[in-house]
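Asks: my questions concern the predicted model and sequence given below.
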Amino acid sequence: MFDNSSQMVGVVQERRGPMLILIRPSGLRWQTRAISVRPVNDRERIQLAALARHHQQARTLAKLRRAHP
């Protein structure tokens, strides 16, 4: 979903009445009003997928560095 109030793309993690909890691949979570979000467009969907890949690669690299100091 695209949150108009924060101008960020995120995945809905939870709904609490009129409020939504959104999360990004980085782990950043925020709360926004349900009326402030809209479905993502193709560009935003690609952006979110790229961000998810980036953070997965960063986590993998960090694990490798810890395993081989």
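Replies: Perfect, thanks for sending it. Numbering: from 1, shown residues only.
Asks: got the residue ranges for the strands in this protein?
Replies: Along the chain, counting by DSSP state E, strands occupy 2-3, 8-9, 11-16, 19-23, 29-33, 37-38.
Asks: those: which one's closest to A52?
Replies: Closest of the strands of the chain to A52 is strand 11-16, at 9.2 Å (criterion: C-beta to C-beta). (Glycine included, C-beta is placed from N, CA and C.)
Asks: mind listing the strands the closest one pairs with, and their directions?
Replies: strand 19-23 (antiparallel) (DSSP bridges).
Asks: just give me how far the partner strand sits from the chain centre.
Replies: Chain-centre distance of strand 19-23: 10 Å, with C-alpha atoms, centre = their mean, to the nearest Å.
Asks: in it, what's buried?
Replies: The neighbour-count check on strand 19-23 (16 or more other C-beta atoms under 10 Å) flags L20, L22 as buried.
Asks: any chance of the strands of the chain in CSV, plus mean pLDDT?
Replies: Supplementary listing: the strands of the chain in CSV, determined by pLDDT from 0 to 100:
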stretch, mean pLDDT
strand 2-3, 96
strand 8-9, 94
strand 11-16, 96
strand 19-23, 98
strand 29-33, 98
strand 37-38, 98
